[in-house]
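J.: predicted model and sequence follow; I will ask about them next.
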Amino acid sequence: MKKFKLVGILFFLIVSLIGCSSNSEGKTDQTELSFFHRFTDGPNKEYFDKVAKDFEKQNPDVKIKVSSAINEDYKQKINVLLGNDNPPDIFFSWSGEYTNKFARGGLALDLTEYTKEGTKLAEQIIPSQLGPYTYEDKVYGIPIIMDGKAFFYNKDIFDELGIEEPKTWNEFIEIMGVIKDEGYTPLSFGNQDNWAVGHYLTTLNQRVLDPDVMKKDYDVSTGEFTDPGYVKALDKILELEPYFTEQPNAVTDDSAINAFVNGNAAIYYNQFNQLQYIKPGEFELGWFNFPKIEGGKGDPNALTGSPQGFMVSSKTEHPELAVEFLEFITSKEKAEEMVKETGMISSSVGAVNKDSADEDMIALVETINEASEMNVWLDTVLNARIVEVYLNGAQEMLNGQKTSEQVMEDVQQAAKEAQSEAE
């Protein structure tokens with residue numbers, strides 16, 4: 001009897017070892033995709049962790065290795081990682097020049113064939129959102145999130161003071177004078193991180209300058225920035241300064257949001273994907289596009305904003321699988337989940353609807369769709385060297401350390417240096 005028991009135990013151990021060996025081999029046989037993004041906490045991180053797990057469930061032979069870096073560090077880290085022999089297969093990218101530099105450098109996979117008419121990605125993504133990820137007629141990025149920027153305002157304050165949405169710059173300045181006289185901060189603004197003033201300049205340049213001038217100057221190979229319209233755009237920032245939060249360079253963007261949410265400020269220049277952060281305000285929200293500037297040469301119906309999305313490394317060993325993952329996260333089902341769980345506006349067709357979003361978000365999507373064109377953020381459309389000099393200079397201008405003319409002289413020099421590096 002003992003002999004039979006011993007045989008049984010040995011049989012059980014052998015079967016168990018075989019099973020363990022089989023499982024180990026299964027893990028070894030898994031294909032791993034590395035996925036690097038900038039969403040490090042809260043619902044955004046939770047969503048991207050979850051969508052990776054969901055893809056793994058549908059594809060048991062695939063492992064998605066997810067990693068992230070905070071927004072401020074991401075740009076530096078992705079540059080380092082893409083210079084390595086083993087870069088992430090899929091990585092986050094802003095659109096515009098930020099995408100173009102990876103395409104020019106041969107670091108990003110050409111995704112054109114995967115986005116042609118009739119493909120899954122072409123059917124799933126709002127067509128206009130692919131434009132900012134297109135370089136020399138080739139698509140290099142897949143948009144996940146679309147965005148815009150407008151002046152959000154406290155309707156209670158506007159009603160109390162009997163003022164209406166301004167249509168022109170002069171009307172805008174006039175109503176802010178009324179707001180300030182009544183003891184409110186007219187325009188909540190935190191520029192401790194100088195991308196904030198960059199968003200104002202993004203729009204002001206577009207409203208003031210001739211589009212052909214901007215196109216030439218924003219190209220690193222031809223940019224000069226000598227048109228007087230650039231100085232005029234900076235001067236418009238100075239016109240707003242009396243109505244900004246006091247000492248805005250010492251104020252964070254989060255503090256500026258809180259001042260608006262708490263009813264201490266009447267207006268805040270807000271990204272659409274930050275809608276969830278200003279929702280707690282106990283007042284009715286309104287918004288209006290950046291007003292038309294009298295004498296400006298740009299289209300007043302353009303909307304500042306651009307998509308965010310993902311690129312695929314040109315060194316990936318699994319391009320088809322990487323594209324399959326992007327098809328998965330841009331599907332209507334997963335895009336709807338993103339809208340519900342994060343409050344971000346999806347660039348997938350039909351993802352923002354009455355089941356996934358509230359009336360405000362649906363209206364914001366309509367605003368994006370109705371815009372004549374999208375005006376890409378200054379800090380992603382320009383060469384990085386120029387951006388640094390431009391935004392630091394604007395910050396110094398707000399501190400009274402430089403004039404608008406001096407800022408543009410520095411930008412012109414940076415453009416020459418960037419052009420020499422690019423040759």
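T.: Cool, got the structure.

J.: got a list of what the closest residue to residue 236 other than its chain neighbours touches?
T.: Distances taken as Cβ to Cβ, 6 or more residues apart in numbering place residue 204 nearest to residue 236, at 5.1 Å, with adjacent residues excluded. For every residue, glycine as well, the C-beta is placed using N, CA and C. Neighbouring residues of residue 204 by Cβ atoms under 8 Å, 6 or more residues apart in numbering: 233, 234, 236, 237, 293.

J.: any idea which helix or strand carries residue 204?
T.: helix 195-208 (DSSP states H and E).

J.: I'd like the distance from stretch 84-99 to the chain centre, please.
T.: 14 Å (Cα atoms, centre = their mean, to the nearest Å).

J.: quick one: the strands in this protein, in order.
T.: For the chain, the strands defined by DSSP state E cover 31-37, 62-68, 90-94, 134-135, 138-139, 142-145, 149-154, 185-188, 265-271, 285-288, 303-304, 308-312, 374-375.

J.: of these, which approaches residue 382 most closely?
T.: Evaluated over the strands of the chain, closeness to residue 382 peaks at strand 90-94, with 11.8 Å, by Cβ to Cβ.

J.: any idea of the angle the closest one forms with strand 308-312?
T.: 140 degrees (axes from the mean of the first three to the mean of the last three Cα atoms, to 10 degrees).

J.: elements contacting strand 90-94?
T.: strand 31-37, helix 71-82, strand 308-312, helix 319-329 (3 or more Cβ pairs under 8 Å, 6 or more residues apart in numbering; DSSP states H and E).

J.: swap in 10 Å and give it another go.
T.: Counting contacts by 3 or more Cβ pairs under 10 Å, 6 or more residues apart in numbering; DSSP states H and E, strand 90-94 packs against strand 31-37, strand 62-68, helix 71-82, helix 97-104, strand 142-145, strand 308-312, helix 319-329, helix 378-381.

J.: direction included, what does it pair up with?
T.: Sheet pairing of strand 90-94 (DSSP bridges) gives strand 31-37 (parallel), strand 308-312 (antiparallel).

J.: buried stuff in the first one?
T.: Which is strand 31-37. Using 16 or more other Cβ atoms under 10 Å as the test for burial, strand 31-37 gives 33, 34, 35, 36, 37.

J.: okay, those in JSON lines with pLDDT and distance to residue 146 next?
T.: Compiled in JSON lines, these are given as follows (pLDDT from 0 to 100; distance: Cβ to Cβ, whole Å):
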{"residue": "33", "pLDDT": "98", "distance to residue 146": "25"}
{"residue": "34", "pLDDT": "98", "distance to residue 146": "25"}
{"residue": "35", "pLDDT": "98", "distance to residue 146": "21"}
{"residue": "36", "pLDDT": "98", "distance to residue 146": "21"}
{"residue": "37", "pLDDT": "98", "distance to residue 146": "17"}
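
J.: what's the closest of those to residue 322?
T.: residue 33 (6.1 Å).

J.: now do the nearest residue in space to that closest one that is not next to it in sequence: how many residues are near it, please.
T.: Spatial nearest neighbour of residue 33, excluding adjacent residues (Cβ to Cβ, 6+ apart): residue 89 at 4.7 Å. Counted with other Cβ atoms under 10 Å, residues neighbouring residue 89 total 23.

J.: one more: the one 3 residues further on?
T.: Neighbouring residues of residue 92 were enumerated by other Cβ under 10 Å; the total is 23.

J.: got it, and residue 281?
T.: 18.

J.: what sits against the nearest residue in space to it that is not next to it in sequence?
T.: Nearest non-adjacent residue to residue 281, counting by Cβ to Cβ, 6+ apart: residue 261, 4.4 Å away. With contact set as Cβ atoms under 10 Å, 6 or more residues apart in numbering, residue 261 has these partners: 154, 188, 268, 277, 278, 279, 280, 281, 282, 283.

J.: give me the most central residue, this protein.
T.: Nearest to the centroid of the C-alpha atoms of the chain, with distances taken as Cα atoms, centre = their mean, sits residue 308, at 4.5 Å.

J.: list the contacts of it.
T.: By Cβ under 10 Å, 6+ apart, the neighbours of residue 308 are 37-38, 92-95, 98, 129, 132-133, 141, 143-147, 273, 344, 347, 377, 380.

J.: again, 6 Å this time
T.: When contacts are counted by Cβ atoms under 6 Å, 6 or more residues apart in numbering, residue 308 touches 94, 145.

J.: what bridges to it?
T.: In this structure, residue 308 bridges to residue 94, residue 145 when assessed by DSSP bridges.

J.: and it, what's its pLDDT?
T.: On the pLDDT scale, residue 308 is placed at 96.

J.: how far away is the residue nearest to residue 82 when sequence neighbours are not counted from residue 78?
T.: Residue nearest to residue 82 in three dimensions, not counting chain neighbours: residue 107, with 4.8 Å by Cβ to Cβ, 6+ apart. Distance of residue 107 to residue 78, computed by Cβ to Cβ, to the nearest Å: 10 Å.

J.: the two: which has the busier surroundings?
T.: residue 78 (23 against 19).

J.: show me the contacts for the closest residue to that one other than its chain neighbours.
T.: Counting by Cβ to Cβ, 6+ apart, residue 91 is the residue found nearest to residue 78 once chain neighbours are left out, at 5.8 Å. Residues counted as contacts of residue 91 (Cβ under 6 Å, 6+ apart) are 36, 78, 311.

J.: also residue 89?
T.: Counted by Cβ under 6 Å, 6+ apart, residue 89 has contacts 33, 34, 313, 316, 322.

J.: and which of those residues is nearest residue 124?
T.: Closest to residue 124 out of the contacts of residue 89 is residue 322 (15.8 Å), distances taken as Cβ to Cβ.
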